[in-house]
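1. After the sequence you'll find the predicted model.
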Amino acid sequence: MKRSAWHNANKFPGFPWTPLLYFLIFLPFIAGCASKSGIKSSPAAFDLVEVTLSRDIEKKGHNSIPIGQSSIYYTNDTEVISRIKLANLTGKHKIRWDWHKPDGSLYTSTGNQSLKVPSGKVRKEVSLWHRISLFNEPAVAHPGRWLTNIYVDNDLLASHHFEIKPEINIDKLPKLARESDPTSWGLIIGIENYANLPAVDYAEKDARLVREYFIKVMGIPEKNITTLIDSEATKGKIEGILRSYLPMNLDKQATLYVYFAGHGVPGLQGGDAFIVTYDGEPRLIEYTGYKLETLFNDVGNLPAKRAILFIDSCFSGASSRSGKMLVAGARPALLKVADVALPSDKIISLTASQGDQLSNAYPEKEHGLFTYFILSGLRGAADANGDQIVTMDELYTYVNLNVVTVSRRSGLEQTPAILPGIDVVKQVEVSEAVKE
């Protein structure tokens, strides 16, 4: 059975509601990317303001905001949402969405649904949307270029195309997608097997795969990458690289990419966040760990133009990717992580989770959940506008939406975090999409 749905935020007097039709009246103008497909002249009874395709809809009071706007979707995406925004709506109307498969045949239709404004009234702004499900649904059996037509009173109001592609296999390494850039550098730390702590599932595999992506997708020369796995990733070794080796080799044109997969804990005394190195001891973390604030400071002191950190760890006091407490007898509710500020505006930090959330594994893919979507996004799945460039805004939006969605399927909450705010760094280019 083909699944599709309308979604309801608020109901207003004068609208004849059906079980399928949902509306949202909202007051302020909401900016967004209009569809590149055709928009027809709208009837005099209303104005067509906006047409969008997105992976999600965020409802804030009387506002609706499309999240993850794109014309490209993958078979592991949850859904495609087609949304229109109307202004100065009056009278009675019929509205319909028709979704067409790549061969032109009809996949599903809402049928004509009633839209009514009481006589003499004007609805200043109306947002309406319809969605089709993708993940584990019949639509994913039809990859290719789809068409959505939106009709009002049986007249075509707007249409837009989108593409459904097979899910990216991140373990199948691409050919070199980007020419080597001698100003790019990488530091990769993956600690799966600790001396005296629970293992971090897939951390070594993730770190080694990240190295390949740094070379083939990010264009970092192999000689510019330092990789520390398990016992190599001691506190002293990491400090030496950040405080001695890299300062001697980087210059003001350099960009440094840092990846960490391993345990993180809050300090027992003040709640400061610490990365647990191979030789770290959670009960003595203030003396044996690498304070996250110190890591940021060490990176900020480097003579580099930009530094981007991907931290697949949590700081809840529980074992990353398993949930076991790292300090025996400790309770997560009693362990708090202090907010960490960035010391420099050249640093961008993406972390796997927030607050007391866990950083989860993705057993079906045999990777960390955060790392899986970071790599998928860098490879091109996050390229929402199809320009072959993945920006920080596109990457974070893609990773955040997918990590939240997949973790909730398992009954968990995991929300990636970014510092500084996305509005500050959204135009920063991170990678070039791989041409599969």
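-> Right, received. Where do you want to start? Numbering: from 1, shown residues only.
2. how far does stretch 197-214 sit from the chain's center?
-> 20 Å (Cα atoms, centre = their mean, to the nearest Å).
3. ok, now stretch 295-314?
-> Centroid displacement of stretch 295-314 relative to its chain, using Cα atoms, centre = their mean, is 20 Å.
4. So what touches stretch 375-383?
-> Contacts with stretch 375-383, where a contact means Cβ atoms under 8 Å, 6 or more residues apart in numbering, come from 72, 74, 168, 170, 174, 209-210, 213, 217-218, 367, 373, 388-390, 394-395, 397-399, 402, 430-431, 433-434, 436. No exception for glycine: its C-beta is placed from N, CA and C like everyone else's.
5. Just the buried residues of the residues you listed.
-> 72, 74, 168, 170, 174, 209-210, 213, 217-218, 367, 373, 390, 394-395, 397-399, 402, 430-431, 433-434 (16 or more other Cβ atoms under 10 Å).
6. picking up where we left off before, which members of the contacts of stretch 375-383 occur in helices, if any?
-> Counting by DSSP state H, the contacts of stretch 375-383 place Leu209, Val210, Tyr213, Phe373, Glu394, Leu395, Thr397, Tyr398, Val399, Asn402 in helices.
7. Throw those residues into CSV and include pLDDT and distance to Ala307, thanks.
-> Shown next, in CSV, are those (pLDDT from 0 to 100; distance: Cβ to Cβ, whole Å):
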residue, pLDDT, distance to Ala307
Leu209, 98, 21
Val210, 98, 16
Tyr213, 96, 17
Phe373, 97, 21
Glu394, 95, 20
Leu395, 96, 16
Thr397, 94, 21
Tyr398, 95, 21
Val399, 96, 18
Asn402, 94, 24
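8. Quick check: the two most widely separated of the residues you listed?
-> Farthest pair in these (Cβ to Cβ) is Leu209 and Thr397. Separation: 22.6 Å.
9. Pull the contacting residues for Ser70.
-> Counting by Cβ under 8 Å, 6+ apart, Ser70 makes contact with Leu53, Ser54, Arg55, Phe162, Ala384, Asn385.
10. Out of these, name the ones that lie in strands.
-> Of those, the ones assigned to strands by DSSP state E are Leu53, Ser54, Arg55, Phe162.
11. With respect to Val299, which of these is nearest?
-> Using Cβ to Cβ, the ones in strands among the contacts of Ser70 come closest to Val299 at Arg55, 31.7 Å.
12. how much space between Gly68 and Tyr74?
-> 12 Å (Cβ to Cβ, to the nearest Å).
13. for Glu179, that is, sorry about that
-> Glu179 is 26 Å from Tyr74, where distance means Cβ to Cβ.
14. Ok, Ser133 next?
-> Applying Cβ to Cβ, the value for Ser133 to Tyr74 is 13 Å.
15. List phi and psi for Val200.
-> The phi/psi pair for Val200 (degrees, to the nearest 10) reads phi -100, psi 100.
16. Next one: it from Leu375, what distance?
-> Taking Cβ to Cβ, one finds Val200 at 17 Å from Leu375.
17. Counting neighbours around each, name which of the two comes out higher.
-> Val200 (27 against 23; other Cβ atoms under 10 Å).
18. The more buried one against Phe260, yeah?
-> No - counting by Cβ atoms under 8 Å, Val200 stays clear of Phe260, with 10.6 Å between them.
19. so how many other residues sit close to Thr234?
-> 18.
20. Quick check: it touching Val276?
-> No - contact criterion Cβ under 8 Å: Thr234 and Val276 do not qualify, at 11.2 Å.
21. Can you tell me the SS state at Phe274?
-> strand (DSSP: H, G, I helix; E, B strand; the rest coil).
22. how close does it get to Arg123?
-> The gap separating Phe274 from Arg123 is 54 Å, by Cβ to Cβ.
23. More neighbours: the two, which one.
-> Using other Cβ under 10 Å, the more surrounded residue of Phe274 and Arg123 is Phe274, with 26 against 19.
24. contacting residues for the more buried one?
-> Contact analysis of Phe274 by Cβ under 8 Å, 6+ apart lists Gly264, Val265, Pro266, Gly267, Gly280, Ile285, Glu286, Gly289, Tyr290, Lys291, Leu292, Phe315.
25. out of those residues, who has the most neighbours?
-> Counting neighbours by other Cβ under 10 Å, Phe315 comes out on top of the contacts of Phe274 with 32 neighbours.
26. My read is that that residue contacts Gly262, right?
-> No - using Cβ under 8 Å, Phe315 and Gly262 do not qualify as a contacting pair, with a distance of 11.6 Å.
27. Quick check: of the ones in strands among the contacts of Ser70, which lies closest to Lys252?
-> Arg55 (38.1 Å).
28. For that closest one, which non-adjacent residue is spatially closest?
-> In this structure, Arg55 finds its nearest non-sequential neighbour in Gly68, 3.5 Å apart by Cβ to Cβ, 6 or more residues apart in numbering.
29. Please tell me how far the one you found sits from Gln113.
-> 25 Å.
30. Check Ser231 too.
-> Computed as Cβ to Cβ, the Ser231 to Gln113 distance reads 63 Å.
31. Looking at these two, which one has more neighbours?
-> Gln113 (20 against 13).
32. Next one: that one from His100, what distance?
-> In terms of Cβ to Cβ, Gln113 sits 19 Å off from His100.
33. can you check Val390 too?
-> Going from Val390 to His100 by Cβ to Cβ gives 29 Å.
34. For Val435, grab the count of nearby residues.
-> Quick fix: residue 435 reads Lys, not Val. 9.
35. Ignore what I typed, I meant Ala45.
-> Neighbours around Ala45, by other Cβ under 10 Å: 16.
36. How about Asp423?
-> Look at Asp423: counted by other Cβ under 10 Å, it has 8 neighbours.
37. ditto for the one 3 residues further on
-> When neighbours are counted by other Cβ under 10 Å, Lys426 registers 15.
38. In space, what's closest to it - neighbours in sequence excluded?
-> Asp393 (3.3 Å).
39. Let me see the domain layout of the protein.
-> The chain breaks down into these domains under automatic domain parsing: 4-165, 184-432.
40. what's the most buried one of the ones you listed?
-> domain 184-432 (a mean of 19; mean count of other Cβ atoms under 10 Å).
41. All set, thanks.
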